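Novice: Give me the fold of what follows.
(2 chains)
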Amino acid sequence: MKQTLIELLDSRVRAALDAAGCAGAPAVVAPAGRPEFGDYQANGVMGAAKARKMNPRALAEQVITHLDLAGIASKVEIAGPGFINITLAPEYLASLATDALADARLGVPQIAAQRVVIDYSGPNLAKEMHVGHLRSTIIGDALARVLRFLGHTVIAQNHVGDWGTQFGMLTAYLIEAEQGGDVALSDLEDFYRRAKQRFDEDAAFADTAREYVVKLQGGDAQVNALWRKFLDISLHHCEAVYERLGVALRREDVRGESFYNDDLPVVVADLQEKGLAVESDGAQVVFLDEFKNKEGEAQAYIVRKQDGGYLYATSDLAAIRYRIGTLHADRILYVVDARQALHFQQLFTLSRKAGFVSEATKLEHVGFGVMLGDDGKPFKTRSGTTVKLVDLLQEAEERAFALVSEKNAEMAEAERKTISQAVGIGAVKYADLSKNRSSDYVFSWDTMLSFEGNTAPYLQYAYTRIQSVFRKVDSWNEAAPITLTEAAERTLALELARFSDALNAVSRETAPHFLCSYLYDLATQFMRFYEACPVLKSEGALRDSRLRLCQLTARTLKTGLDLLGINILEVM
RNA sequence: CUGCCCGUAGCUCAACCGGAUAGAGCAACGGCCUUCUAAGCCGUAGGUUAGGGGUUCGAUUCCCUUCGGGCAGGCCA
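Specialist: Have a look, this model is predicted:
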């Protein structure tokens, strides 16, 4: 069975621990902390020795005699209190690179496929997408891409906000606007503001709006048609943003709140039958012992309001039933901001209690921190409003265009535009994806729109440098063996060998930033190689070997950037 | 009041179930374009990982505590 590099080393060290009398002891293999310690280190001996009251150095000696790394490692030694330091053989690294080049999957093992539902983006269709929607949208999309590449069946679910009282107001205003010949739906934000203004200032309009809510929920054909029309326009806005962002969400991925509407009474009835939902102050609530309220009693999780209306909690319960029952999910990821952590804990707990979800299905809240301004408070513009996503993207492309034009004054405008799109959008996405999602992060135009250092353009630039080399090559032997003699060649090959483990980390931790750091390290090692090892000036077998390293680096960068949803360029 | 998340270099962030001397980018300073694209490379400087205590051979990581920030907690999502 094919394994990643760490999986391979880990299994070998575990086997050696086993042979040394420590059955079941974890090997704890990780990349070496420092170059002088080799390439990988196994830290498991210390723990195993402690558990068995043995001398760790002596145990390490034992383990090492049983450790079979023939053809893999060139040096294995014991250091410190009982570390096992492993240096990989250059021939082995070369063979990994050769294998990866011969494989469409770049040597990434195909794993046991799961059906993974990913709930992400989920904008409120009453308004326009703002910068706050960026994280869920691109983190979810990157996860979807990586999991698909690893071999899973990924089902994207865009749980849009398309239901509720605000749509009565919007559909009512849609009629007025159309009759007035003023269908200013190019700016949804403005449309919402004007509808709200009418609602607040004109009592008759407010009555109509409320009447429309009732009609909409009652299935009235005319209001329903209007509502659908509005949703369609709003979704077009979203899709324009997705398109520009390179996000793979499509219309068929939309399963909004309204989709579960008919199922909500069924969910509540089911919870009542199971004795979970009970009446409290006129509402239907589930008291969960696992969560305590202010008084230290079981916390109430409301599934139906006093007025008979349903809540977010109810539609999420219905959504879980759909995702299990119809979509047959093995794993469900909710890419939603961290403020809803409690809601999801309660949702997951109740879903299992109610038997909607079995132990076999994994439910994960992929939470992320909120975007803050320079002042450490939730991000707003100076006027106090939110920043539209399209405006951020526009600014990104404009800044990139200015830079591209500065660096390539003679280039045709159309080409400069193409480059500035990839660079600008890539920079915005990378600035977000490269951060650990769990903490809040500070939004800054300058760091988000920086094009040097640890940014997407750095990765794109590394790729174009390689393409530039290949444009200057007439003919070469693409089947040539790879030889690693220079330190920079060896380090680059080692980095290339880590690709699979980086992708595994993204899947395991649902954290795209592991892929970002990997690609940055890879690009850095390539830049060093590029400076230290002339490719075109070298000759014969050495030239071919270096070209093959370039080729694999380019493919890995291209694949990796594609998994982040960032475009590559041939020239920049 | 209760619970969750966070606090790492001047700034923005890393650090892979606890590992060896805590790493990058930006900003600062000094080098490198007659040699494959300088959006690059090399170097210097920058740290009591908020404070204190504990567990451990070993703690940014785990536990306790104080301070500081964010968020959530019965009819919003």
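Novice: Pull the contacting residues for whatever residue of the stretch 301-450 of chain A ends up closest to RNA strand B.
Specialist: Nearest residue of the stretch 301-450 of chain A to RNA strand B: A:N436, at 2.6 Å (CB to the nearest atom of the strand). C-beta coordinates here come from the backbone N, C-alpha and C atoms, glycine included. The contact partners of A:N436, taken as CB atoms under 8 Å, 6 or more residues apart in numbering, are A:A511, A:H513.
Novice: And for the one 5 residues further on?
Specialist: When contacts are counted by CB under 8 Å, 6+ apart, A:Y441 touches A:G369, A:M371, A:L372, A:D432, A:K435.
Novice: Wait, a strand at the fourth one?
Specialist: No - assigned with DSSP: H, G, I helix; E, B strand; the rest coil, A:D432 falls outside any strand and is helix.
Novice: Contacts only, for it.
Specialist: By CB under 8 Å, 6+ apart, the contact set of A:D432 is A:L134, A:R135, A:I138, A:I139, A:Y441, A:M448.
Novice: Dump the contacts of A:Y441 to a markdown table, plus secondary structure.
Specialist: Formatted as a markdown table, the contacts of A:Y441 follow (three-state DSSP):
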| residue | secondary structure |
| --- | --- |
| A:G369 | coil |
| A:M371 | strand |
| A:L372 | strand |
| A:D432 | helix |
| A:K435 | coil |
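Novice: Give me the buried entries from the residues you listed.
Specialist: Among the contacts of A:Y441, the ones that count as buried by 16 or more other CB atoms under 10 Å are A:G369, A:M371, A:D432, A:K435.
Novice: would a markdown table of the residues you listed with pLDDT be doable?
Specialist: Putting the buried ones among the contacts of A:Y441 into a markdown table (pLDDT from 0 to 100) gives the following:
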| residue | pLDDT |
| --- | --- |
| A:G369 | 87 |
| A:M371 | 81 |
| A:D432 | 91 |
| A:K435 | 91 |
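Novice: Just give me the residue closest to the centre of chain A.
Specialist: Nearest residue to the geometric centre of chain A (CA atoms, centre = their mean): A:I139, 3.0 Å.
Novice: Show me chain A divided up by domain.
Specialist: With domains defined by automatic domain parsing, chain A comprises A:5-88, A:115-161+A:259-276+A:303-365, A:166-248, A:389-563.
Novice: Can you check the distance spanned by the last one, start to finish?
Specialist: The one in question is domain A:389-563. End-to-end distance of domain A:389-563 (CA to CA, to the nearest Å): 22 Å.
Novice: picking up where we left off before, show the contacting residues for the residue nearest to the centre of chain A.
Specialist: Contacts for A:I139 (CB under 8 Å, 6+ apart) come out as A:Y120, A:V335, A:V366, A:F368, A:D432, A:L433, A:R437, A:P512.
Novice: coming back round to it: and which of the buried ones among the contacts of A:Y441 is nearest to A:L557?
Specialist: Comparing the buried ones among the contacts of A:Y441 against A:L557 with CB to CB places A:D432 closest, at 19.4 Å.
Novice: got the buried ones among the contacts of A:Y441 as JSON lines, with distance to A:L101 columns?
Specialist: Below are those laid out as JSON lines (distance: CB to CB, whole Å):
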{"residue": "A:G369", "distance to A:L101": "39"}
{"residue": "A:M371", "distance to A:L101": "41"}
{"residue": "A:D432", "distance to A:L101": "32"}
{"residue": "A:K435", "distance to A:L101": "32"}
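Novice: Sheet partners, orientation included, of the longest strand anywhere in chain A?
Specialist: Ranked by residue count, the top strand of chain A under DSSP state E comes out as strand A:283-292. Strand pairing for strand A:283-292, determined by DSSP bridges: strand A:277-280 (antiparallel), strand A:298-304 (antiparallel).
Novice: so which of those strands is the most packed in?
Specialist: strand A:298-304 (a mean of 20; mean count of other CB atoms under 10 Å).
Novice: Please tell me how far A:Y242 sits from A:I139.
Specialist: Using CB to CB, to the nearest Å, A:Y242 is found at 14 Å from A:I139.
Novice: and if you look at A:W227?
Specialist: Using CB to CB, we find A:W227 at a distance of 30 Å from A:I139.
Novice: again, but for A:G47
Specialist: 34 Å.
Novice: cool, and A:S468?
Specialist: Plainly put, A:S468 is 32 Å away from A:I139 if you go by CB to CB.
Novice: before we move on, what about A:R546?
Specialist: As judged by CB to CB, A:R546 and A:I139 stand 36 Å apart.
Novice: cool, and A:I332?
Specialist: Applying CB to CB, the value for A:I332 to A:I139 is 15 Å.
Novice: again, but for A:K537
Specialist: Relative to A:I139, A:K537 is positioned 43 Å away (CB to CB).
Novice: Quick one: neighbours of A:T386, just the number.
Specialist: Other residues lying near A:T386 total 18 when counted by other CB atoms under 10 Å.
Novice: swap in A:E452?
Specialist: With other CB under 10 Å as criterion, A:E452 counts 10.
Novice: ok so, going back, in CSV, list the C-alpha atoms belonging to the longest strand of chain A.
Specialist: Taking C-alpha atoms only, strand A:283-292 is exported to CSV below (Å, rounded to 0.1, in the frame of the first residue of the first chain):
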residue,chain,number,x,y,z
ALA,A,283,-41.9,27.7,23.0
GLN,A,284,-40.7,24.2,22.1
VAL,A,285,-37.3,23.7,23.7
VAL,A,286,-34.8,20.9,24.4
PHE,A,287,-33.1,21.0,27.7
LEU,A,288,-29.5,19.8,27.3
ASP,A,289,-27.8,18.6,30.5
GLU,A,290,-24.5,18.9,28.9
PHE,A,291,-24.8,22.7,28.8
LYS,A,292,-25.5,24.9,31.8
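Novice: Buried residues in it, which are they?
Specialist: Buried residues in strand A:283-292 (16+ other CB under 10 Å): A:A283, A:Q284, A:V285, A:V286, A:L288.
Novice: so A:V285 bridges to which residues?
Specialist: Beta bridges link A:V285 to A:V278, A:I302 when assigned by DSSP bridges.
Novice: In which helix or strand does the residue of chain A found nearest RNA strand B reside?
Specialist: RNA strand B sits closest to A:G453 of chain A, with a gap of 2.1 Å, by CB to the nearest atom of the strand. Using DSSP states H and E, A:G453 sits in no helix or strand.
Novice: if I pick it, what's in contact with it?
Specialist: By CB under 8 Å, 6+ apart, A:G453 has no neighbours at all.
Novice: Can you give me the pLDDT of the residue lying closest to A:L264 once chain neighbours are set aside?
Specialist: Nearest non-adjacent residue to A:L264, counting by CB to CB, 6 or more residues apart in numbering: A:Y310, 4.5 Å away. A:Y310 carries a pLDDT value of 92.
Novice: For A:Y310, the count of nearby residues, please.
Specialist: Neighbour tally, A:Y310, other CB under 10 Å: 23.
Novice: Tell me the bridge partners for it.
Specialist: A:R304.
Novice: Run through the residues that contact it.
Specialist: Counting by CB under 8 Å, 6+ apart, A:Y310 touches A:L264, A:V268, A:V303, A:R304.
Novice: Give me the distance between the most far-flung residue of chain A relative to its centre and A:G161.
Specialist: Residue farthest from the centre of chain A, counting by CA atoms, centre = their mean, is A:A204 at 46.5 Å. Using CB to CB, we find A:A204 at a distance of 27 Å from A:G161.
Novice: Distance of A:A318 relative to A:G325?
Specialist: Applying CB to CB to A:A318 and A:G325 gives a distance of 10 Å.
Novice: Compare these two (neighbour count), which wins?
Specialist: When neighbours are counted by other CB under 10 Å, A:A318 and A:G325 differ, and A:A318 comes out ahead with 23 against 10.
Novice: Cool, thanks, signing off.
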